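[1] predicted structure and sequence below. I'll ask about it afterward.
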Amino acid sequence: MNFLHASLATVMFLSAATGSWGAPLSLQECLKKAHENNPALKSAAWDSSIAREGSRLASAASFPRLDANAGYTMQLEPQAVKIGGQTAETQEPNFAFAGVAATYTLYDFGRRDARIRQADAYTEAAAEGFLFNKGDVTLQVIETYFRILEADRLIQAAAEEVTQITEHHRVAQVLFEEGVVTRNDVLQAQVRLASAEQKRLATVNSRENNWLLLNFLTGSDPGFRGELDEATSVSGFNQGTASTGNTPDNRHDIKAQKQMLEAREFEVRSNRENYFPEIYTRMGADYVQNDKVREQTIFSATLGIRVNLFDGYASQASRERAVKERSKQQDALRLTEQRALLEIKTARNDAAVAKERITVSEAAIRQSEENLRINKERYQERVGIASEVLDAQTLMTQAKTDYYRALYDYQTAAARLQHALGEL
């Protein structure tokens, strides 16, 4: 990274076309604002909260269920019995009733525990998913931050090209007025000047769009602008570890997929155990208003067993669906792992190539500056032609553009490598 720091030091200057700027804004400050204010992260945070409530809901089965009821019944005639040819009413025609009961499942062959562990796995998956989203937002902020820095440098290169061509146009105009060159030289300079100005305007627009994106990612006002830190480097994010890593085991999306697979396993187990009976207890107190009997409140305790005999094949369909969901999740996990390996290899290749591009483009800048100097002198001494000067100016601008792009492509590739390794 020493080479990168030295390269960055060569471009620590203020752009003449940057407009008015606010307070200095470091990359760490942008990341902090994004982690606190990013709208996507705020939305994703609800997934973890919802999953935790789902875990609480599943755990509710570990507690007794307490129910109460009350009502009033009106009948046309009360119930009665016949004794010795006589009819005797056994209840009142209209009566109130009330009851309270506590029911608890003693044993259900592990179905309850499987559902609780399934809900816990979903909670862990949601937490890992949030961390992955946080890393994804971090990468977007880093990429956008460096794209703005790159745009600043490209704007300066374009402005320098406009200045160079403007000076060449002045020289060509003077020589034309002296009758030394044709008007074609002046026209060529004017066309190239218009082209250079269009490139500058396009780059200014690109920078503006990247600022809008950065403000969106950080939850800032769309009109906010700041002075970015030219010396920023992803080395502050443990790039040394990222450069040697070969496994995506630390990625939060893979951890989330593994938790989802575990949840699917418990879902299959829970549905398989639907075929087994359930042992339960019940304690209750039931009151029925009836002056014709001695006991109007009945206290009871029940130890029972219940099992579903037929539910229209719902249990079978539920189990088959759970098995297929598990198979789908296994494929999703494999896909995520393969995609992670692809991202690691791609980012590592991009970083290596970008570093080589920096070295090549540095030499190209020096060569293009010397080429421009020679062609300008040849033209002013009337031994060169205007198109050679214009071509030399274009080559120098292209060399600087290639250098700046390689410089910041290296930074973004290094950040993408860390993100692919789960270290961002």
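    On my side now, so go ahead. Please read these numbers as outputs of a predicted model, since none were measured by experiment. Residues are numbered from 1 along each chain as shown.

[2] give me the element the nearest residue to residue 249 once chain neighbours are set aside is part of.
    Spatially, and ignoring its direct neighbours in sequence, residue 249 is nearest to residue 422 (7.4 Å; C-beta to C-beta, 6 or more residues apart in numbering). Just so you know, the C-beta spots here come from the backbone N, C-alpha and C atoms, and that holds for glycine as well. Per DSSP states H and E, residue 422 falls between elements, in no helix or strand.

[3] what number of residues lie near residue 422?
    22 (other C-beta atoms under 10 Å).

[4] surely it and residue 138 touch.
    No. Using C-beta atoms under 8 Å, residue 422 is not in contact with residue 138; the gap is 11.7 Å.

[5] contacts only, for the residue nearest the centre of the chain.
    Closest to where the C-alpha atoms of the chain average out (C-alpha atoms, centre = their mean) is residue 133, at 3.0 Å. By C-beta atoms under 8 Å, 6 or more residues apart in numbering, the contact set of residue 133 is 40-41, 44.

[6] ChimeraX command for the buried members of those residues?
    In ChimeraX syntax, the buried subset of these is picked out as below (16 or more other C-beta atoms under 10 Å):
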select :41,44
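
[7] helices - which of the contacts of residue 133 land there?
    Applying DSSP state H to the contacts of residue 133, the entries found in helices are 40-41, 44.

[8] closest to residue 123 out of those residues?
    Of all the ones in helices among the contacts of residue 133, residue 123 sits closest to residue 44, with 14.1 Å by C-beta to C-beta.

[9] if I read this right, that closest one contacts residue 128, doesn't it?
    No. Residue 44 is not in contact with residue 128 according to C-beta under 8 Å; the separation is 11.3 Å.

[10] residue 395 is in contact with residue 369, isn't it?
    No. Using C-beta under 8 Å, residue 395 is not in contact with residue 369; the gap is 9.8 Å.

[11] what touches both of those two?
    Here residue 395 and residue 369 have no joint contacts, going by C-beta under 8 Å, 6+ apart.

[12] against residue 213, how distant is the residue nearest to residue 249?
    Distance of residue 422 to residue 213, computed by C-beta to C-beta, to the nearest Å: 24 Å.

[13] give me the mean pLDDT for the longest strand along the chain.
    Across the chain, the longest stretch assigned as strand under DSSP state E is strand 94-107. For strand 94-107, mean pLDDT is 94.

[14] and what of stretch 280-299?
    The average pLDDT for stretch 280-299 rounds to 90.

[15] now do the helices in this structure.
    With DSSP H, the ranges of helices along the chain come out as 2-9, 27-37, 39-59, 111-177, 183-218, 239-244, 252-272, 314-380, 386-420.

[16] nearest to residue 82, out of those helices?
    Taking C-beta to C-beta, helix 314-380 is the member of these nearest to residue 82, at 45.7 Å.

[17] by contact count, what packs against the closest one?
    helix 2-9, helix 111-177, helix 252-272, helix 386-420 (3 or more C-beta pairs under 8 Å, 6 or more residues apart in numbering; DSSP states H and E).

[18] now do the contacts for the residue nearest to residue 325 when sequence neighbours are not counted.
    Excluding its sequence neighbours, the residue lying closest to residue 325 (C-beta to C-beta, 6+ apart) is residue 264, at 5.3 Å. Residue 264 sits next to 322, 325-326, 329 when contact means C-beta under 8 Å, 6+ apart.

[19] can you give me the distance of residue 264 to residue 297?
    In terms of C-beta to C-beta, residue 264 sits 48 Å off from residue 297.
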